[in-house]
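Participant: here is the input, now give the coordinates:
(one chain, ligands or ions: 1)
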Amino acid sequence: MNSIYNLLLEEMEEYFISHNDKKFHADQLFDWLYQKRVNSFDEVTNIKKEMIEQVKKDFSISCLTLVTKEEDTDVNKYLFRLTDGEMIEAVLMRHDYGNSICVSSQVGCNMGCAFCESGRRKRVRNLETAEMVEQILLVEEDIKERISHVVVMGIGEPFDNYDNIIKFIKIINHPKGLQIGSRHITVSTCGLVPKIKEFMNVPYQVNLAISLHAPNDTLRNQLMPINKVYPLNELFQALKEYEKVTNRRLTFEYILLEGINDTAECAMELVSLLKGMNGYVNLIPYNETEHLTFRRSKQLQIMKFYDILKKNHIGVTIRREFGGNISAACGQLRSKKEEA
Ligand code: SAH
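Facilitator: Residues are numbered from 1 along each chain as shown. Now for the predicted structure:
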């Protein structure tokens, strides 16, 4: 059944109008769902009974169930069951500036990045908008606090589920929805060029992060198959256009893999590639996983790489690490099917 959390405010208005009822019921229902946080349509008191009975026939109110929660310092990992028995994960991180959540966008992923645990299971299906919205609702319910920042960096390639991601952004950003400021929302992509082009025209100040991970095509082809479809020159052409249209600063994610992309030469190549771009590099210490042989660069090498970028005036940060003890770190999340 269609979940009520799939609906934009406008769609809900149309729904009520199509049932010969008042458009403003959409405002009221949004308020029950996103401000009062009811878990049942029966709690709605200001819409007449027959109409609510109709809503109950047409929509479900819950499509995600919390299965388990694991806690570590400043981080919780959540495993959710979807109505078809599939399972996905989301991660809550506590920062000094607020709570952020890393949400999943697909069950599995088709991008096939060589270093990523999440992508070892191929895409089973896209997550619906509601399944992404509910990750936030359920985590907020669990911690009894608001979430201020959202990153779409969990399982899946968000731009491979583009339409649902855009709807998700609209709902969580909406003043009557979850009211998460667009500058507090970040979407991360491995580089689906046509979608980057579409995304630049979306009228929201949402941040875009690019999983780069290599400074040249030879290496990037080996690590990220998507590069064979959209090589670096095409990607950067689109990104330059993106900068011009949006005036926003890009984030380049760069995992450091020992002996593979962490050399001084790679750092210099990265400097040349990013010269003139309005972006900064987020260096990610690689999280090792049991099935893959990639190793994390040594701390000294990470610092060397960092220094080269810094000296050459490329903005650079090293990602703070969360959740390594509970496999909640970048690239470690997994989707699975419920065992019958
Ligand atoms: N598909 C999107 C969203 C996933 S974001 C994307 O590619 O951007 C998850 C981020 O974690 C990506 O930058 C991904 O490349 C990175 N990542 C994957 N495996 C990792 C690992 N084992 N250690 C650290 N980062 C990893």
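
Participant: in contact with Leu219, which residues?
Facilitator: Going by C-beta atoms under 8 Å, 6 or more residues apart in numbering, Leu219 touches Ile260, Asn261, Cys266. For glycine as for every other residue, the C-beta is placed from the backbone atoms N, C-alpha and C.

Participant: now the residue of the stretch 201-340 of the chain found nearest the ligand: closest residue in space that isn't a chain neighbour?
Facilitator: The nearest approach of the stretch 201-340 of the chain to the ligand comes at Gly331, 1.8 Å away (C-beta to the nearest ligand atom). Excluding its sequence neighbours, the residue lying closest to Gly331 (C-beta to C-beta, 6 or more residues apart in numbering) is Cys116, at 4.7 Å.

Participant: so which of the contacts of Leu219 wins on neighbours?
Facilitator: Counting neighbours by other C-beta atoms under 10 Å, Asn261 comes out on top of those with 28 neighbours.

Participant: wait, it touches Thr218, no?
Facilitator: No. Using C-beta atoms under 8 Å as the test, Asn261 is too far from Thr218 to be in contact (11.0 Å).

Participant: I'd say Gly323 and Ala329 touch.
Facilitator: Yes. Using C-beta under 8 Å, Gly323 is in contact with Ala329, at 4.8 Å.

Participant: who touches Leu138 in this structure?
Facilitator: Leu138 makes contacts with Leu64, Leu66, Tyr78, Phe80, as judged by C-beta under 8 Å, 6+ apart.

Participant: could you measure from it over to Pro231?
Facilitator: 40 Å (C-beta to C-beta, to the nearest Å).

Participant: before we move on, what about Arg94?
Facilitator: In this view, Arg94 and Pro231 are 39 Å apart by C-beta to C-beta.

Participant: quick one: name the residues of the stretch 1-150 of the chain near the ligand.
Facilitator: Met111, Cys113, Phe115, Cys116, Glu117 (C-beta under 6 Å from any ligand atom).

Participant: let's go with 5 Å and repeat that
Facilitator: Contacts of the stretch 1-150 of the chain with the ligand, taken as C-beta under 5 Å from any ligand atom, map to Cys116.

Participant: tally up the residues packed near the residue in the stretch 1-150 of the chain that the ligand sits nearest to, please.
Facilitator: The minimum distance from the stretch 1-150 of the chain to the ligand, using C-beta to the nearest ligand atom, falls at Cys116 (3.8 Å). Using other C-beta under 10 Å, Cys116 is surrounded by 25 other residues.

Participant: over to the one 5 residues further on?
Facilitator: Taking other C-beta under 10 Å as the neighbour definition, Arg121 ends up with a count of 16.
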